[in-house]
Every structure is written in C-alpha cells, then in structure tokens.
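Visitor: What shape does this take:
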Amino acid sequence: MHQYVIVDVFTTIALQGNPLAVFPDAVGIPAERMQLIAREMNLSETTFVLPARADGDRRVRIFTPVGELPFAGHPILGTAAVLGVSTAVDRLRLETAGGTIPVDFRHRSDRTVTAAMRQPIPVWEPYGRRDELLDALGLESSTLPVDAYRNGPRHVYVGVESEAALARVQPDLGALARHPDMAAICFSRPGGSGGPADCGDRWRMRMFSPAYGVSEDAGTGSAAGPLAVHLARYGLLPFGKQIEIVQGVEMGRPSHMFARAEGNSRRLDTVEVEGSAVITARGTLFA
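Guide: I've put the predicted structure just below:
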C-alpha cells in the first residue's frame, strides 16, 4: 500500500489549477511500477519522492502517463507544497534528473502553500519545422519567431494575435504528435499581442503536447519561465520584470503563474517561477 496526495497547483482554490498526484514516500517502488501508477492516475504528471542522493533534501521522479521527465514545473512546485505543509523550513532543495531545484516558501497554511522555484536555465534555438507546426495548430503565422527552449522538457513558442484567437486554437493532435519530444506553447497578451513598446505584465498561454501524453495542460510551470525569457529576448518585456501568466482557462481550470528572467539575451542569471498550490485529497493505492 502506498499513500498519495492530490494537490492542485497554480491555484489556491481546490478543483482549479493543474492537478498532481504525489507519492511522498516512494521507497521500494520500482521505476516500471511508477510508470504504471502514473498511467493509472492519468494526470499530466505524477511524482514519487525518494531519499536524496546528492545535495538536495529529497529526490523527485516525475512521470507523465507515457514516460519520465527530467524536470517539470508544476510537479516540483506541487511536490514541494505537499512536503512543505509538514515542515518549518524556508527552503527545500529537490533533486531531479535535470538538476537540484531550490524551492523557497513564501506562505503556507494547513493545506495551501505559495512558493517560488529556481528553474534550470533554458537553452534555445529556432524551431526547424515552423510551418508544419503552424499547420498542426491551425495558425497562419506567429507574432514572434518560433523558437524552441529546453529546460528539461522542450517547449516551442508560437505567438497568437489576440486572446480571442488563442481561445479558438484547436490543434490537429495527430499532426502535432508527429513533432516528437516537444510541447507547443501558444501565447498572447490579453486583448492583443502587444509590441516592443507594450511591456504588459499579464499574459495568456495554452500548452498542447500529445508527444508527452497530454492533449492540453492546465498549468505548465516549466514553460512559464522560458516564456518570460522569450518575451524579454524579443523586446516585449524587460529582463528582471515579473509577469503573470494565466493558463487553463479553456479547460475550466484556470492556473496563475508568476515568472521572471534575470540577465540579458546573451547570458541568463536566473529563471524563477512562483505560484500557489492547495492539497485537495489524500488516498491509498492498493497495488
């Protein structure tokens, strides 16, 4: 028997945000069983907490329904929230296959935690299949260059002209699945795409990734940090300014993330994503 917790991430309201299953004590569960459990949970990710091996406080393995990820944002924040409600420390260092992630607690109660995570610095490059990706998304163009960022998962960013147009995006998931090892991130400013002189601090985002076993995600923390980088690189945001990113609206599960990229277009110093999480349920797996 294994205890698990369901936590809704990037929200303070139960049954909103992005749900996550956390197994706080996964000692003795082999990787093959972790994958089966993640498929059974059928959430975008399930995490398994293990004793630390290196410089962290705990080690975390992250599984989608179809495979393991080296790093992902909402699983790390959600796992930290589950661990944080029962500890008085101000920081947890969580080891992942993508590196050790510091998570600093801003606020916590019996069920709700607000925290900020220092993400791996992403690397980026132009996406070589831009036109095919636009076709799969049903879009004619992107408001910014279509670049791919990797900080564990690989996200490809497509700018959409307006919030209304973003809400209308209905990708061909079969065609999108032919873009392996990536998630398509569509984004817009509320009311419009903005321009270099319009440094708005609120953005809308959607994520589609059949390649990762997720048709659409309600709150993608690993994509929030690189979005801040992307906007700053192309002059829509000053480096160092925090933005709010709203995702999951079309799914009826709004998520609120806060992201900031420190540095410049030649060298990034830090990428930080902040959000809240609320514990929604606890259970026992009899397998």
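
Visitor: Could you tell me how many residues sit around the closest residue to residue 153 other than its chain neighbours?
Guide: Distances taken as C-beta to C-beta, 6 or more residues apart in numbering put residue 222 closest to residue 153, at 5.2 Å, once the chain neighbours are dropped. For every residue, glycine as well, the C-beta is placed using N, CA and C. Using other C-beta atoms under 10 Å, residue 222 has 30 other residues around it.

Visitor: quick one: residue 222 and residue 71 touch, right?
Guide: Yes. Between residue 222 and residue 71 there is a contact under C-beta atoms under 8 Å: 6.3 Å.

Visitor: tell me, what's touching those two both at once?
Guide: Shared contacts of residue 222 and residue 71 (C-beta atoms under 8 Å, 6 or more residues apart in numbering): 119, 151, 152, 153.

Visitor: shaky segments in the chain?
Guide: Residues of the chain that meet the criterion pLDDT under 70 lie in 191-200.

Visitor: what's the single longest strand in it?
Guide: strand 268-285 (DSSP state E).

Visitor: Which neighbours in the sheet does that strand have, and how are they oriented?
Guide: Strand 268-285 sits in its sheet next to strand 2-9 (antiparallel), strand 112-118 (antiparallel), strand 255-263 (antiparallel), going by DSSP bridges.

Visitor: Distance-wise, check the closest residue to residue 39 other than its chain neighbours relative to residue 46.
Guide: Sequence neighbours aside, residue 65 is the residue nearest to residue 39 in space, at 4.8 Å (criterion: C-beta to C-beta, 6+ apart). Using C-beta to C-beta, to the nearest Å, we find residue 65 at a distance of 8 Å from residue 46.

Visitor: overlap in contacts of those two?
Guide: Contact criterion C-beta under 8 Å, 6+ apart; residues shared by residue 65 and residue 46: residue 38.

Visitor: could you pull out the strands for the stretch 51-200 of the chain?
Guide: Along the stretch 51-200 of the chain, the segments classed as strands by DSSP state E, counting those that start in this stretch run 58-63, 68-69, 91-96, 99-108, 112-118, 123-126, 147-150, 154-159, 183-188.

Visitor: would TSV of the strands paired with strand 268-285 with distance to residue 174 and mean neighbour count be doable?
Guide: Formatted as TSV, the strands paired with strand 268-285 follow (distance: least, C-beta to C-beta, whole Å; neighbours: other C-beta atoms under 10 Å):
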stretch	distance to residue 174	mean neighbour count
strand 2-9	29	23
strand 112-118	34	21
strand 255-263	26	23
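
Visitor: So residue 65 and residue 46 - more neighbours on which side?
Guide: Remark: of residue 65 and residue 46, residue 46 carries more neighbours, 24 against 17, as counted by other C-beta under 10 Å.

Visitor: I am finished for the moment; much appreciated.
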